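**Q** coordinates for the following, if possible.
(one chain, ligands or ions: 1)
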Amino acid sequence: TATLYVVATPIGNVTDITLRALHLLSIADVVACEDTRNSSKLMSRFGLSVPMIAAHQHNEREVADKLIARLLKGERVALISDAGTPAVSDPGARIVDAVLAAGLRVLPLPGASAAITALSASGLVNDRFSFVGFLPAKSKQRENMLRGLLTETATMVFYEAPHRILDCVGALAEMFEPTRQVVFARELTKLFEEIHRCPLSEATAWVKADPNRERGEFVVLLEGAAESSDAQEVEAERVLNILLAECT
Ligand code: SAM
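**A** The predicted structure follows:
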């Protein structure tokens, strides 16, 4: 059967590429990638030269049709993104959907994912987690989304762009109890990798303590609500904490 291979690539350290990914990329007829310039660097690092086509969020549907046509001709087609696992907070989901809808097979080649990497070193409860991904950029929408997570008991996983990290942490600090643990997983697998755990009350100060922290890539993990808490209780505790802070 014609098969689309969804191939995970490293999130920083190039040696995290898997042997299977290297093999597949070396025999692929075409690789659909988010940014051909970025992926050419990865390919040339491993001496690979495969025809590439750009598949970014604005052309996924058209690219899907082209890829399906190639798959039907019997070509080997791989899908990669700039970093980590395609189709997860990255382009690719629509291509996968179209290929499945065409009755063709999709085979994932597992590898790096920033979320799972961060969770594995967080020490937060790892058996249940809720992947939130990127928060909305607009503060009202962000607030609404966070309010909906007040009673979430699973560890929450956020992706964030460096220039928004302070906004993100500020929004978390306003919404959740200051005693909740936060984990910052910054520049994972890269030279300036940092994994820092602290109560939410100390999170903004930690980011501000080093100007480099507003650069680089972040996964932010937030401890879930205590099992017993219902929405009203959580809100009451949040307000109480604000009042207590005012009194001291
Ligand atoms: N598909 C990717 C994956 O499997 O993790 C995620 C791509 S998403 C567009 C980019 C976001 O992932 C960044 O803003 C950051 O939140 C997170 N991320 C990617 N690489 C990272 C790294 N090396 N360290 C920390 N976070 C990273």
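**Q** where does residue 4 land in three-state SS?
**A** Judged by DSSP: H, G, I helix; E, B strand; the rest coil, the three-state class of residue 4 is strand.
**Q** just checking, residue 176 touches residue 150?
**A** Yes. The pair residue 176 / residue 150 is scored as a contact, 7.2 Å apart, by C-beta atoms under 8 Å. C-beta coordinates here come from the backbone N, C-alpha and C atoms, glycine included.
**Q** so which of those two has more stuff around it?
**A** residue 176 (24 against 18; other C-beta atoms under 10 Å).
**Q** nearest residue to that one in space, please, no chain neighbours.
**A** residue 200 (5.8 Å; C-beta to C-beta, 6 or more residues apart in numbering).
**Q** which residues touch the longest helix anywhere in the chain?
**A** If you go by DSSP state H, the chain has its longest helix at helix 231-247. Residues external to helix 231-247 that are found in contact with it (C-beta atoms under 8 Å, 6 or more residues apart in numbering): 150-151, 175-178, 225, 229.
**Q** can you tell me which of the residues you listed has the most neighbours?
**A** Most crowded among these, counting by other C-beta under 10 Å, is residue 176 at 24 neighbours.
**Q** what sits against that one?
**A** 146, 150, 200, 222, 238.
**Q** strands of the chain, start to end?
**A** Using DSSP state E, the strands of the chain run over 3-7, 30-33, 52-54, 77-79, 105-109, 129-134, 155-160, 181-186, 194-199, 218-222.
**Q** reformat these as a markdown table; add distance to residue 91.
**A** Below are the strands of the chain laid out as a markdown table (distance: least, C-beta to C-beta, whole Å):
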| stretch | distance to residue 91 |
| --- | --- |
| strand 3-7 | 11 |
| strand 30-33 | 9 |
| strand 52-54 | 10 |
| strand 77-79 | 9 |
| strand 105-109 | 15 |
| strand 129-134 | 13 |
| strand 155-160 | 14 |
| strand 181-186 | 23 |
| strand 194-199 | 28 |
| strand 218-222 | 19 |
